[in-house]
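K.L.:
Okay, here's the prediction I keep looking at, along with the sequence it came from:
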Amino acid sequence: MSVQILHCSDMHLDKSFNIANLARAQERKEDLNRNFSTAVDYALKNKPDLFLMTGDIFDRVSPGNAARILVTEKVRQLKEAGISVFMIGGNHDVPKLGSQHLAIDVLSSARLATVFSRSDEFESRVLQVNGKSVCVAGKSYFTQVESQNPLRGHKIPIEGDYNLVMIHGSLQGLDVVSSVPEMVSQNPFRPEDIRTGLNYMALGHFHNYYERDHERCKIVNPGSMEKLSWAEMNDEKGFVWAELHGSNVSTEFVKLNTRPMEKYTLHLSKDERYSPNVKEYLINYVESKSDPARIARLFLQGLITQEQYNELKINEIVQATREAFFHLGFDRTELEVEGFGRVFVERVENPVEAYVRRLEELITKAGMDDERRRRLEQVQELGRKYLEEAKA
């Protein structure tokens with residue numbers, strides 16, 4: 001008999017989206033809820049032995065009540081169906097400073113799930129599945145120093161006929177590439193850090209799906225369950241169904257429906273005579289690409305005159321085309337005005353992500369200067385903590 005697993009990650013429930021239309025911002029949250037619920041429904045129908053969630057269950061340390069209730073209800077359904085649920089915290093779940101509990105710890109207290117909430121050492125549980133002992137170990141994301149290797153200096157328990165480990169971190173090597181580049185230095189580890197004797201390594205963190213084989217260990221990262229940024233526009237989203245049978249591990253990536261996203265580029269020229277003006281030309285262009293279900297971004301490039309610049313009333317264009325897309329954003333950073341150059345500075349979509357990205361750049365530039373890297377990492381974590389607390 002095999003051991004069957006449903007492995008999902010990076011749900012980011014209760015994420016705040018930069019959408020001015022509040023109803024559509026809420027609908028975007030429902031996109032996340034729907035895909036998580038789809039994974040649970042799949043498990044209820046197919047009855048795996050284990051349901052693994054490898055971090056970033058929520059998008060923030062203190063999620064709203066609606067998201068907490070959703071997760072509790074779904075985990076309760078899994079528990080009542082006889083499916084063992086295991087969870088770890090990701091970088092969005094684990095408090096940056098102090099010893100606060102994780103939001104998912106309540107599921108452990110209620111005996112609905114096994115939560116490995118410690119970040120400093122591995123916890124484990126051995127259970128019996130179809131006459132075989134299965135050892136599941138895990139540790140949550142280490143937030144104090146994000147560049148720390150989560151495996152080095154730790155001994156993963158190997159105590160079962162089958163041995164699994166859950167990690168929210170960055171595999172470096174084996175030709176793994178993250179669709180979100182700034183993630184690659186967060187809780188990094190290499191293949192040689194993986195302990196011999198493991199059958200399945202359940203990863204989270206990178207938002208793109210990948211799986212690799214290393215010394216009889218199947219390494220699986222299912223990716224996020226919805227497209228959360230433009231860097232993920234071309235990613236397929238889903239969860240993984242895995243079966244362990246003897247020394248063999250078979251996997252299937254189960255795809256989920258996601259909100260469609262598309263980028264468009266439009267070149268404008270000072271030599272072109274737009275009829276009746278640039279604004280109406282852009283409105284017509286946007287409406288020609290209309291798809292009310294899609295999130296779209298229009299990149300404007302080229303060189304325009306000052307008169308054309310005065311005609312370019314983005315707010316009026318957005319108002320006139322508000323029904324053309326689910327959400328439409330403009331990027332004018334590559335558009336120049338004759339005599340002035342590039343004058344458009346776009347609004348930061350997410351202050352927290354922008355702050356973290358900038359500090360990641362500085363940390364990378366610090367190179368081998370360990371003391372400087374350490375101080376920058378502390379600044380990064382403190383800043384992110386205060387921005388998140390302010391609900392930036």
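P.N.:
It's in.

K.L.:
so where do the helices sit in the stretch 251-392 of the chain?
P.N.:
Using DSSP state H, counting those that start in this stretch, the helices of the stretch 251-392 of the chain run over 278-288, 306-311, 314-320, 351-365, 370-389.

K.L.:
Let me know which of the ones you listed is the nearest to Thr114.
P.N.:
When those are ranked by distance to Thr114, counting by C-beta to C-beta, first place goes to helix 370-389 at 26.8 Å. The way it works is simple: take the backbone N, C-alpha and C, and place the C-beta from them, glycine included.

K.L.:
ok, back up a step: among the helices of the stretch 251-392 of the chain, which comes closest to Arg212?
P.N.:
helix 351-365 (24.4 Å).

K.L.:
what's the average pLDDT for that closest one?
P.N.:
Within the predicted structure, the mean pLDDT of helix 351-365 is 71.

K.L.:
quick revisit: quick one: closest of the helices of the stretch 251-392 of the chain to Arg34.
P.N.:
For Arg34, the closest of the helices of the stretch 251-392 of the chain is helix 351-365, at 23.5 Å, according to C-beta to C-beta.

K.L.:
which non-adjacent residue is nearest Ala110?
P.N.:
Counting by C-beta to C-beta, 6 or more residues apart in numbering, the nearest residue to Ala110 once its immediate chain neighbours are dropped is Thr72, at 7.6 Å.

K.L.:
And for the one helix or strand Lys79 maps to, what's in contact with it?
P.N.:
Assignment of secondary structure by DSSP states H and E places Lys79 within helix 65-80. Under the criterion C-beta atoms under 8 Å, 6 or more residues apart in numbering, residues 13-14, 33, 36-37, 40, 43-44, 51, 57-58, 85, 103-104, 106-107, 110, 112-113 lie in contact with helix 65-80.

K.L.:
Looking at those residues, which are in helices?
P.N.:
When helices are assigned by DSSP state H, the members of those inside them are 33, 36-37, 40, 43-44, 106-107.

K.L.:
Count the neighbours of Asn35 for me.
P.N.:
Neighbourhood size, Asn35 [other C-beta atoms under 10 Å]: 22.

K.L.:
these two touch, right, it and Lys227?
P.N.:
No: Asn35 is beyond contact range of Lys227, at 10.3 Å (criterion: C-beta atoms under 8 Å).

K.L.:
joint contacts of the two?
P.N.:
Common neighbours of Asn35 and Lys227 are listed as 237, 258 (criterion: C-beta under 8 Å, 6+ apart).

K.L.:
still on that earlier bit, give me the buried subset of the ones in helices among the contacts of helix 65-80.
P.N.:
33, 36, 40, 43-44, 107 (16 or more other C-beta atoms under 10 Å).

K.L.:
Now do the contacts for His154.
P.N.:
Contacts were defined as C-beta under 8 Å, 6+ apart; by that measure His154 touches 121-122, 139.

K.L.:
Shouldn't it be within a helix?
P.N.:
No: for His154, which was evaluated using DSSP: H, G, I helix; E, B strand; the rest coil, the result is coil, with no helix membership.

K.L.:
domain parsing for the protein?
P.N.:
3-255, 261-342, 351-389 (automatic domain parsing).

K.L.:
For the residue nearest to Ala110, give me the pLDDT.
P.N.:
What the model reports as pLDDT for Thr72 is 98.

K.L.:
Would you check that His7 makes contact with Val220?
P.N.:
Yes: A contact is recorded between His7 and Val220 when judged using C-beta under 8 Å, the distance being 6.1 Å.

K.L.:
Return every residue with contacts to both of the two.
P.N.:
Shared between the contact lists of His7 and Val220 (criterion: C-beta under 8 Å, 6+ apart) are residues 202, 240, 242.

K.L.:
ok, so of those, who is nearest Gly153?
P.N.:
Of all the shared contacts of His7 and Val220, the one sitting nearest Gly153 is Ala202; the distance, using C-beta to C-beta, is 20.6 Å.

K.L.:
what number of residues lie near the closest one?
P.N.:
Ala202, neighbours per other C-beta under 10 Å, totals 29.

K.L.:
So what pairs up with it in the strands?
P.N.:
On the basis of DSSP bridges, Ala202 takes part in beta bridges with Met166, Val220.

K.L.:
Need the nearest residue in space to Gly169, chain neighbours excluded.
P.N.:
For Gly169, the closest residue by C-beta to C-beta, 6+ apart turns out to be Asn187, at 3.5 Å.

K.L.:
so what's that neighbour up against?
P.N.:
Applying C-beta under 8 Å, 6+ apart to Asn187 gives the contacts 91, 141-142, 146-150, 167-170, 205.

K.L.:
If you rank those residues by neighbours, which is first?
P.N.:
Neighbours were tallied for each of the contacts of Asn187 (criterion: other C-beta under 10 Å), and the maximum of 31 neighbours falls on His168.
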